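J.: Need coordinates for the following:
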Amino acid sequence: MTKQNCLKLKLSWKDIESRIYLRALSLPTLPWAAPFLPLVGLPNALLEQPCIWESIYTQAFIEHETHNRMRDWTGSPDGERGELRRQIVTKALSLLAQQMGRNVAIDLEKWVRFHECCPEAERAMTEWQITLRYAYISPKSRRYPRKVPPPAVLEPILPEISELVALARRTEIKDALKRVAPPPPYEQIPYEYMEHCYEELMLSQVIDRSLTLKALQTIASKLNDTELSEVAMWAEIQARTMSRYGKPENLCGDKYLQVELPSFDVPSLLDFSTLDESA
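T.: Residues are numbered from 1 along each chain as shown. All right, here's what the predicted structure looks like:
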């Protein structure tokens, strides 16, 4: 795979970035999030045996909190806490590789990178989500005049696509998520009030991106390369036509019209780990 086709990782392990990374790894361990996890593209092995990652993550979180309490971080440069988190995350992924296989650990790492460390992917999923909705938009919609007819090869699979990207379904899922998500685990001051914990917002965004990615993978699994090129060309025209805010360059051509997510341009943390002894 060429560098151009790789996903671009934006992760320097600064303090804020690393905190978000660690929080993302907690999502598969949250009891209230369990009903929604089959939607988000986690490794199947992790869904089938959640207790393994729950145990590893709990151990990692305790280690992180212990180090935080034991050290005075006053005056520490940005990135020192991030380096601590990088070491803890590397250790956790290495333990996961030992217990469930390297591929599972790599897939979990890739999942976090895609959702939290790849601005290009975030922009692409947003643009594709909106664009694909135009493919099946009703003639009764006020936006119908801005619809560009999709390629004929896309027509037979539009019901599957609409099921994944439809706004009504996304709203239904998010409403269900809000009903079970707890409030933040700390006392809030009035002007920063949040009704639900930060993990609820993270998971909501992950669900959005995952369903859009699933729609693109569905298209890729049913069409050949020539047909996929047609879809990519249509999407660019549709993105340019649907509004003045459309940004066809954010679609990244057919980069995300793949059955499998492209690799990242940065090696896995496991490549630098001495703990990973799995095959």
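J.: Domains in this protein, by residue range?
T.: Here the domain assignment for the chain is 3-118+264-272, 119-251, based on automatic domain parsing.
J.: In TSV: those domains, plus mean neighbour count.
T.: Every C-beta, even on glycine, is put in place using the N, C-alpha and C of the backbone. Formatted as TSV, the domains of the chain follow (neighbours: other CB atoms under 10 Å):
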stretch	mean neighbour count
domain 3-118+264-272	17
domain 119-251	16
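J.: Using TSV, please lay out these together with distance to Leu257.
T.: Shown next, in TSV, are the domains of the chain (distance: least, CB to CB, whole Å):
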stretch	distance to Leu257
domain 3-118+264-272	12
domain 119-251	5
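J.: what's the closest non-adjacent residue to the residue positioned nearest the centre of the chain?
T.: Geometric centre of the chain, nearest residue: His115, 2.7 Å, by CA atoms, centre = their mean. Once flanking residues are discounted, His115 sits nearest to Val206: 5.0 Å by CB to CB, 6 or more residues apart in numbering.
J.: Check for me that that neighbour belongs to a helix.
T.: Yes. Checked against DSSP: H, G, I helix; E, B strand; the rest coil, Val206 lies within a helix.
J.: Can I get the domains of the chain in a markdown table including mean pLDDT?
T.: Below are the domains of the chain laid out as a markdown table (pLDDT from 0 to 100):
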| stretch | mean pLDDT |
| --- | --- |
| domain 3-118+264-272 | 91 |
| domain 119-251 | 92 |
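J.: Quick one: closest of the ones you listed to Gln258.
T.: Among those, the nearest to Gln258 by CB to CB is domain 119-251 (5.3 Å).
J.: Ends of that closest one, what's the gap?
T.: Counting by CA to CA, to the nearest Å, you get 12 Å between the two ends of domain 119-251.
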